[in-house]
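Participant: A structural model of the following input is requested.
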Amino acid sequence: MSEAEEDARAFGQALRQRRMAAGLSLADLAGLVHCSRGFLSRIENGHRRVSRDLAELCDTVLGAHGELVALVTDPDPDTGRKPQDPARRRPPSGGPGPRQRSTPRAGPFDTEFRRRLDRGDHHYLAGRMEEADEHYREAVRLAGSDPEARATAAVRLARRWSDPGRVDHELLHLLRDGIAALAGTEGPVAAGLRLQLNAHLAKKLSMGISEDTAWRPAGPGQGADLARRTLEALGTAGLDDDARCEILTECRWGLYDFVPAAEALSLSLRLLDAAMRGSSPYFRGEALIALAIDQLRVGRVHGAAGTRAQHARHAARTHSTLARWQQCTLGTLFDLWYGRFDSAGDWISGESRTLVAGLEADFSVPADTLSQTRLGQAYWLLRERGRMAELFSSELAQGVETHGYFPIWRAGLAFALCEVGEHGQAADRLLAFARESAGFTRMPPDGWTVPVLFLLAEVCAALDDRGGHEATLAEVVPALRRRLGLVPQGLALAGWPVVLLGPTDRAVGLLDLVAGDPAAALGRFRQAERLVVGSSPPHTARARAEQARALLRLPPGRRDTDPVPLLRSALATAVSLGMDTLTEQCRALLERQGPD
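Facilitator: Sure thing, here's the model as predicted:
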């Protein structure tokens, strides 16, 4: 056996061992590195030498940290990768394939340019965002003055995560320059790239959620308008499925705060359909996360749990640290929803610290995204357990104050102050919020607005229960009640995703109760219970306690149900789950009813 044959055999054996340890089939790995299954099989069996480029891709996907690459000697020129299917190869833009281009493109779309994009894609899929970013930047440099090449690289670079709630000014300029450069370029590839650049621009514009974080020339509303126009143009564009996924993904996020959850869900379903037809593992992951989020928002929790299971299989195949973090974040969201507070606490105070530290070290996700996600879940765990005082005795309070530019944290702090008895400070913050937002009219129609309104309704209910804040409530509640009444029925989801705050009907019912309409409140609380019963014991308990509270505010002759059994049911659940504040509230209401 020659030295070259021995090298090929050694690499093939190592590759097979790595692949099997990762739980991947030959077909799985072939799809991830864009080779045919048969070609990869010949490499594993030592019958074909591997190119360094393919070895690097296998090393990245399998997390071998250079061990596979170290086994490669420089191959002969004719041993490069074979595409899975030449008829299906796509240019880097994700646009129409070579059937629309009779000759290979020269210049910037050369081997090194494509190699940089390919390497960036695999690092991105593996969750190594900083390394992917470096390859994409180099591709921008290699593109030179070619508008299509620069646009292709800009599209990839625009996939990077930005700090939540803030505009990424660097990417905005890159995207706008790419669109301008393509202005005089005709043809289907240029047209597809323009749509992709516009889709990314729409999302980046929509990230600004306040005057301090938005881009002055064009705010989130203009981003949403651009997303709508881009989707309209997509309907007549002859693009492949991966390009459609790019546009649908970004436009859905661009519209997230401006369309009802049901409309976003329809976009998620379109995205998933295109992703399953396409070839990109990246877009399959994006589609599954988007679908789970929108299912949660419309109240389809069981459907979202099934989508999460699909994403878990995707995460196992790709071995992405980012996908692992998304899985754990969703898992903690469901733990909080189901009342598995010990499990949620173990993740928040334990494994999440290690995983977040690793992601921050690799620059996989902006540190602010990680910290806000963990902070939001820790906050809600304290709320559910009735231990909000711990927020102010830990580093968490500083995190809430630091992120005050995000409206949900200002609302969350006001509610936390109510929970610890600082109702005066909470009332001042509520009043300031209402005046700054011009009676809540300056907020977008959906998206992050919904959880903010939900928490402010909780603040109003707490102030009403405390008493002494009638003037503040008289100024705030009518406008807040009107604004929240425009939100479609569903669940208030904070973050993308972080926690489910509960049914929007419950928040409207709280304001009905404050406004002195217990009959309307009772109907809302009953609707809230229908949405959560059999799914979320904590939220079922709250809905039943609120029903009892509304019934007790009705004259005895108008009560169609005895509130005591509802309170006892809520109390039993609260005690079993360790929900201390709800336990105290139920006991206090039961004591007022006197002995049986």
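Participant: what's the distance between residue 133 and residue 110?
Facilitator: 21 Å (CB to CB, to the nearest Å). Quick note: C-beta positions are derived from backbone N, CA and C, even for glycine.
Participant: more crowded one of these two?
Facilitator: Ranked by neighbour count (other CB atoms under 10 Å), residue 133 and residue 110 place residue 133 first, with 18 against 13.
Participant: wait, the more buried one touches residue 161, no?
Facilitator: No: using CB atoms under 8 Å as the test, residue 133 is too far from residue 161 to be in contact (10.2 Å).
Participant: contacting residues around residue 519?
Facilitator: 550, 554, 558 (CB atoms under 8 Å, 6 or more residues apart in numbering).
Participant: which among those count as buried?
Facilitator: With burial judged by 16 or more other CB atoms under 10 Å, the buried subset of these is 550, 554.
Participant: TSV for the contacts of residue 519, including secondary structure?
Facilitator: Below are the contacts of residue 519 laid out as TSV (DSSP: H, G, I helix; E, B strand; the rest coil):
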residue	secondary structure
550	helix
554	coil
558	helix
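Participant: show me which of the contacts of residue 519 is closest to residue 128.
Facilitator: residue 550 (52.6 Å; CB to CB).
Participant: was I right to think that closest one contacts residue 517?
Facilitator: No: taking contacts as CB under 8 Å, residue 550 lies outside contact range of residue 517: 9.2 Å.
Participant: any idea of the pLDDT on residue 203?
Facilitator: Here the pLDDT value assigned to residue 203 is 92.
Participant: for the residue nearest to the spatial centre of the chain, phi and psi?
Facilitator: Nearest to the mean C-alpha position of the chain, by CA atoms, centre = their mean, lies residue 496 at 3.3 Å. Backbone geometry at residue 496, expressed as degrees, to the nearest 10, gives phi -130, psi 60.
Participant: please report how far the nearest residue to it once chain neighbours are set aside lies from residue 33.
Facilitator: Spatially, and ignoring its direct neighbours in sequence, residue 496 is nearest to residue 293 (6.4 Å; CB to CB, 6 or more residues apart in numbering). As judged by CB to CB, residue 293 and residue 33 stand 29 Å apart.
Participant: I'd like the distance between the closest residue in space to residue 484 that isn't next to it in sequence and residue 229.
Facilitator: Residue nearest to residue 484 in three dimensions, not counting chain neighbours: residue 453, with 4.7 Å by CB to CB, 6+ apart. Separation of residue 453 from residue 229 (CB to CB): 28 Å.
Participant: check residue 439 too.
Facilitator: Taking CB to CB, one finds residue 439 at 30 Å from residue 229.
Participant: then residue 71?
Facilitator: 51 Å.
Participant: of those two, who's got more company?
Facilitator: residue 71 (19 against 14).
Participant: now do the same contact list for the residue nearest to that one when sequence neighbours are not counted.
Facilitator: Excluding the flanking residues, the one nearest residue 71 by CB to CB, 6+ apart is residue 11, at 4.5 Å. If a contact means CB under 8 Å, 6+ apart, then residue 11 has 43, 46, 50, 55, 68, 71, 72 as its contacts.
Participant: pLDDT score for residue 11?
Facilitator: 90.
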